[in-house]
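Visitor: Sequence and predicted structure are below.
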Amino acid sequence: MALGRRDRPGKDGRSFVSQDGLELRVAELLDQIQRDLFQRALAFRQSHTHQPEDYESFRHVLEGGWADVWWCGQADCEAAIKEDTKAASRVIPLEQPGGQGVCIRCGRPARARAIFARSY
């Protein structure tokens, strides 16, 4: 029986399996596809996430990627960022670097980093 992976077009995504081992092979293949798709998405996210040091760089990063920055967490600050850049906070990662910094926009003390991006 022929199996074809939609995530790998062409000959690279095709394989042939006997009927005897079909169930096991399909389960293994689905697990591999899941791992490959996850790694591809992770690599994409890492290559498009930047840590700008100042507000001008922050604005530039948001034109085509995500910005990982110190943020004060204040609603008024986020509203100003959104008005200026069309971006908003998307997530405050659970894993934080520790310590504190200053908010990328207002300069107030910040205890957490946040990911900002534009919606599509």
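Guide: Yep, it's here. Keep in mind that what you see is a predicted model, and the values were worked out from it rather than measured.
Visitor: And the helix or strand hosting Glu28, what does it pack against?
Guide: According to DSSP states H and E, Glu28 maps onto helix 22-48. Contact analysis of helix 22-48 by 3 or more C-beta pairs under 8 Å, 6 or more residues apart in numbering; DSSP states H and E lists strand 2-4 as its packing neighbours. Glycine gets a C-beta too; all of them are placed from N, C-alpha and C.
Visitor: Tell me which other helices or strands the strand it packs on touches.
Guide: strand 14-16, helix 22-48.
Visitor: quick one: contacts of the first one?
Guide: It refers to strand 14-16. Met1, Ala2, Leu3, Gly4, Arg5, Leu29 (C-beta atoms under 8 Å, 6 or more residues apart in numbering).
Visitor: most distant residue from the middle of this protein?
Guide: Asp20 (40.1 Å; C-alpha atoms, centre = their mean).
Visitor: I'd like to know how far that one sits from Leu3.
Guide: 14 Å (C-beta to C-beta, to the nearest Å).
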